[in-house]
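Enquirer: next one to model:
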Amino acid sequence: MKLECTNKIVKNFWDYYLLKWGMKKKARIRLNTLPDNLVFETSHNLLINHKSLFKALFKYIKDSRLEYDGRSDKFTIYAKDKIDKKEFSADIFSVETAGKAIDISKAFREYDKDLFLVEIDKTRFLIRRRIAADIDIIQETFLDGQYSFIYPYTKEAVIVDIGANIGDTAILFCQKGAKAVYAYEPHPFFFDLAAKNIRLNGLNDKITMKPYGVGAKESIMKIRDDTIFGPTGIFGSKRTDGSEGVDIKIVPLSKIIEDVKNIDVLKMDCEGAEFEAILSCPMAALKKIKVMAIEFHKDPGPIIDYLEKSGFNAEIKKENVTKYGHTGLLFAIDSAHLL
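Expert: From the prediction side, this is the model:
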């Protein structure tokens with residue numbers, strides 16, 4: 001989404017460009033919001049590190065979707081259809097999330113100073129106001145159906161969900177008929193938020209949370225959150241000044257398989273750790289899994305070869321190759337369980 005800043009969007013738009021080009025370190029920006037202009041101070045570093053936020057902010061102003069009431073210090077955000085609208089406390093860093101949330105959830109509302117609450121088909125989620133990645137995940141999981149290819153295998157299934165994030169896939173699998181879900185999430189923030197969302201949807205009896213990540217062997221890994229506002233789903237893959245380091249516990253995939261016993265479905269989204277986790281796992285252990293959905297973050301060739309040697313049929317369901325990397329979704333099924 002490319003959008004040029006004009007004087008219809010920012011009253012002192014030249015200050016914005018001087019900031020963007022690094023000719024100013026800080027500047028007070030005056031937005032042409034109605035009924036009142038919003039004025040806020042920002043820095044060159046903030047502008048560069050949060051480009052998508054400013055693009056969204058400017059687009060909503062250009063499309064007359066964002067209003068500011070200076071007396072109550074409240075924003076009003078309108079949906080694309082201009083019919084639905086929601087009011088929330090004025091916080092410039094919440095605007096991108098609010099705009100995305102109202103477009104997919106009429107039940108979207110402010111929950112507290114840190115969280116929004118969204119509802120999709122009677123499923124409720126707490127998401128962070130200042131990190132739009134959470135609402136993007138809900139979009140992909142519930143509306144785009146990125147895991148729809150494993151739905152035929154989820155009914156009455158025992159499912160291991162590695163990389164539970166905010167609890168979205170664990171909750172989805174319960175909706176698709178899972179008997180039990182073991183959800184693994186090593187980051188303490190995501191672990192807590194996923195647990196809240198599981199309780200919010202009354203699924204504590206079906207979903208068991210485990211505070212671990214996967215790798216080749218048992219270890220402690222220190223990672224850093226990738227934004228100053230906290231982790232996104234790709235924590236550790238990029239580093240931002242001011243972010244804090246956290247220790248996460250890693251266990252081998254074979255240990256998880258041993259603990260859970262026979263696994264009907266394995267879903268894995270662990271930002272690159274899938275390679276060492278799968279390739280270090282004995283083939284005999286992998287054979288205790290019937291179906292896999294694996295998100296990969298580089299050429300999946302080595303995983304496909306290893307799974308096929310282990311007796312699985314493997315198929316790429318989604319693939320995206322750009323100059324920034326190689327990502328996608330892989331489906332694997334033990335040949336003995338082909339439908």
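Enquirer: residue contacts, residue 302?
Expert: Contact analysis of residue 302 by C-beta atoms under 8 Å, 6 or more residues apart in numbering lists 275, 279. C-beta: built from backbone N, CA, C; applies to glycine.
Enquirer: so for it, what's the pLDDT?
Expert: pLDDT recorded at residue 302 is 95.
Enquirer: before we move on, what about residue 5?
Expert: If you check residue 5, the pLDDT there is 85.
Enquirer: touching, it and residue 15? I think so.
Expert: No - the criterion here is C-beta atoms under 8 Å, and residue 5 misses it with residue 15 at 10.2 Å.
Enquirer: hey, what's in contact with both of these two?
Expert: The contact sets of residue 5 and residue 15 do not overlap (C-beta under 8 Å, 6+ apart).
Enquirer: what about this structure, any weak spots by pLDDT?
Expert: Filtered on pLDDT under 70, the chain yields the residue ranges 1-3, 224-244, 323-324, 337-339.
Enquirer: mind listing the helices for it?
Expert: 13-20, 44-49, 51-62, 95-104, 133-138, 168-175, 188-200, 253-260, 274-279, 283-286, 301-309 (DSSP state H).
Enquirer: give the buried residues for the last one.
Expert: Put plainly, it is helix 301-309. By neighbour count on 16 or more other C-beta atoms under 10 Å, the buried set for helix 301-309 is 303-304, 306-307.
Enquirer: okay, the helices of the chain in TSV with distance to residue 221 next?
Expert: Shown next, in TSV, are the helices of the chain (distance: least, C-beta to C-beta, whole Å):
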stretch	distance to residue 221
helix 13-20	36
helix 44-49	24
helix 51-62	28
helix 95-104	29
helix 133-138	21
helix 168-175	22
helix 188-200	13
helix 253-260	15
helix 274-279	12
helix 283-286	22
helix 301-309	21
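Enquirer: closest to residue 114 out of those helices?
Expert: The closest of the helices of the chain to residue 114 is helix 188-200. By C-beta to C-beta, the value is 10.3 Å.
Enquirer: lovely, talk soon.
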